[in-house]
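**Q** Have a look at this prediction, sequence included:
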Amino acid sequence: MADEPDNIVLEHLRAIRNALADLQAEMRAEFHDLKVRMTGVEQGLAVLNNRVDRIEVRLQKIDKRLDLTEA
């Protein structure tokens, strides 16, 4: 009977270790997905920034052609 508590403890520790391993694998997969999604968001923002910059340049040209001044 003295071995029985050790075995129960070992079984619980093994179960905890397995659960942690599963959790680590899941978190790694989620982290990878988040990195991929964030990369997409960053690329989308870069495209938007470029578009805004081009619009700004075009507006400046229009202002200059129409000889508009800021009030």
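**A** Nice, thanks for sending it over.

**Q** give me the number of residues near A21?
**A** A21 has 10 neighbouring residues, counting by other CB atoms under 10 Å. C-betas here are computed from N, CA, C, even on glycine.

**Q** Can you give me the distance of it to L66?
**A** Distance of A21 to L66, computed by CB to CB, to the nearest Å: 67 Å.

**Q** same deal with A25?
**A** Counting by CB to CB, the gap from A25 to L66 is 62 Å.

**Q** Does H12 lie in a helix or a strand, and which?
**A** helix 3-66 (DSSP states H and E).

**Q** Just checking the distance from that helix to the centre of its chain.
**A** Remark: helix 3-66 is offset 2 Å from the chain centroid, using CA atoms, centre = their mean, to the nearest Å.

**Q** which helices and strands does it pack with?
**A** Counting contacts by 3 or more CB pairs under 8 Å, 6 or more residues apart in numbering; DSSP states H and E, helix 3-66 is packed against no other helix or strand.
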